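**Q** Give me a model of this one.
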Amino acid sequence: MKEWMVNDLAKLAGVSVRTLHHYDAIGLLSPVRVGENRYRYYGEAELLRLQQILLYRELGMPLETIGSILDDPRFDSLAALNEQRSHLAAEAKRYRQLIRTIDRTIAHLKGERAMQYENLYKGFVTPEKQAEYEAWLKDRLGDSTHEKVTASDSAAKAISDQDMKERMSALAGIEAVLVKTMEDGTVPEARALDPLIQRHHAWVAQMWGRDCSHDAYAGLADIYESHDDFKQRYETLSPGFSKWLPIAMRSWTRRVKES
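**A** Numbers count the residues shown, from 1 in each chain. Here you go, the predicted structure:
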C-alpha cells in the first residue's frame, strides 16, 4: 500500500507540515504509522480524511466540530461528498451572480449603462444563507445567542421590501465611504473614522431592531473577520477591506468605552 511522509502529504494537499502536526496533536488526523525514524506515514484513508477536513474548513466549520463529525460512527463519506458538492455548486451559482452584479455596477459607475437599483444586491445573502449564519453563530457562540438571533431575525422579517431596499442602499453608501477612506490610506485605528463607524453602528442597531451594545458590536467585528462569507463579501468591495473594517470597528468601540 502506498504511503506518504508528512512532507509529501503537506506538498500534495497544499498545507504546511506544521498544520499536519497540529491535526495529529489534537487527534483530528493521525498518521497510519510512525516509523522507527519517527517519521509520520499516511495512507489513502488518511488522505481522504484530510480532504474532508479541508472541505469542511472551506465551509467555515471549526476543527472541533469537524472532528466530531468525522469520528461519528454514522459518518458516510460518500453522502458527505454529495452534500458538500451540492453546497459548493449553490455557492458557485451565487458567486457568478455576484460577478454579474459587480460588472453591472462597474458599467453603471463608468456611465456605460444605467443600472436598475433592484439589481444592486443580487447574489448577496438569501434567507437560506441567513439561516446558515444563525446556525454558525449558535455553534460558535453557544446557546446564549439563540434569543438574540431570534429577536434580530424577527425584526428583519418585519421590514417591508421597500424599507429593506432603502436600508441596503444606505449600507452601500456607508460602505462606499469607508472603502474610499481605506483606499486613501487612512489606518483603521484613526480617530477620524469615528463619525463613519458611528453611522455603521447605528445602521446595525436599526437592522437588529434593538440597541447594539459596544461589546456586541465588537463581537460582530469578530464575526466579520472570521466567517468566510463575510470575508469574501468585503474583499469583493475592496482588497484588504475584510481586515480593515473589523479593526476599525473594534478600535472605535475601545475609544467609546474608554471615554
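
**Q** so what's the closest residue to Val179 other than its chain neighbours up against?
**A** Once flanking residues are discounted, Val179 sits nearest to Ser238: 4.6 Å by Cβ to Cβ, 6 or more residues apart in numbering. The way it works is simple: take the backbone N, C-alpha and C, and place the C-beta from them, glycine included. Residues in contact with Ser238 (Cβ atoms under 8 Å, 6 or more residues apart in numbering) are 179, 182-183.

**Q** got the CA coordinates for stretch 229-248 in CSV?
**A** Output in CSV follows, covering the C-alpha atoms of stretch 229-248 (Å, rounded to 0.1, in the frame of the first residue of the first chain):
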residue,chain,number,x,y,z
ASP,A,229,-18.7,34.6,3.6
PHE,A,230,-18.3,38.0,5.2
LYS,A,231,-14.6,38.0,4.4
GLN,A,232,-15.3,37.2,0.7
ARG,A,233,-18.0,39.8,0.6
TYR,A,234,-15.8,42.6,2.0
GLU,A,235,-12.9,41.6,-0.2
THR,A,236,-15.3,42.0,-3.2
LEU,A,237,-15.8,45.6,-2.2
SER,A,238,-12.0,46.2,-2.0
PRO,A,239,-9.0,44.1,-1.3
GLY,A,240,-8.0,44.3,2.3
PHE,A,241,-11.4,45.7,3.5
SER,A,242,-12.3,42.4,5.3
LYS,A,243,-9.4,43.1,7.7
TRP,A,244,-9.6,46.9,7.8
LEU,A,245,-13.2,47.2,8.7
PRO,A,246,-13.2,44.8,11.8
ILE,A,247,-10.1,46.6,13.2
ALA,A,248,-11.9,50.0,12.7
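
**Q** Tell me how far Leu12 lies from Pro73.
**A** Applying Cβ to Cβ, to the nearest Å, the value for Leu12 to Pro73 is 28 Å.

**Q** more crowded one of these two?
**A** For Leu12 versus Pro73, neighbours defined as other Cβ atoms under 10 Å are more numerous around Leu12 (12 against 4).

**Q** Apart from its chain neighbours, what residue comes closest to the more buried one?
**A** Nearest to Leu12 is Trp4, by Cβ to Cβ, 6+ apart, at 6.7 Å.

**Q** doesn't Tyr42 make contact with the one you found?
**A** Yes: the pair Trp4 / Tyr42 is scored as a contact, 4.9 Å apart, by Cβ atoms under 8 Å.

**Q** More neighbours: which of these two?
**A** The neighbour count for Trp4 versus Tyr42, taken as other Cβ under 10 Å, is higher for Tyr42 (25 against 20).

**Q** Following the chain past the worst-scoring helix or strand of the chain on mean pLDDT, name the next helix or strand.
**A** Taking mean pLDDT, DSSP states H and E as the measure, the helix or strand of the chain with the lowest value is helix 146-157, at a mean of 50. With elements assigned by DSSP states H and E, the helix or strand that comes after helix 146-157 is helix 161-183.

**Q** buried residues in that following helix?
**A** The neighbour-count check on helix 161-183 (16 or more other Cβ atoms under 10 Å) flags 168, 171, 174-175, 178-179, 181-182 as buried.

**Q** Name the residues that touch stretch 189-208?
**A** 151-152, 155-156, 167, 170-171, 174-175, 177-178, 181, 186, 211-212, 217, 220, 247-249, 251-252, 255.

**Q** now the stretch 51-200 of the chain, which segments are flagged as low pLDDT?
**A** Residue ranges of the stretch 51-200 of the chain with pLDDT under 70: 60, 115-161.

**Q** Show me where it has its strands.
**A** Counting by DSSP state E, counting those that start in this stretch, the stretch 51-200 of the chain has no strands at all.
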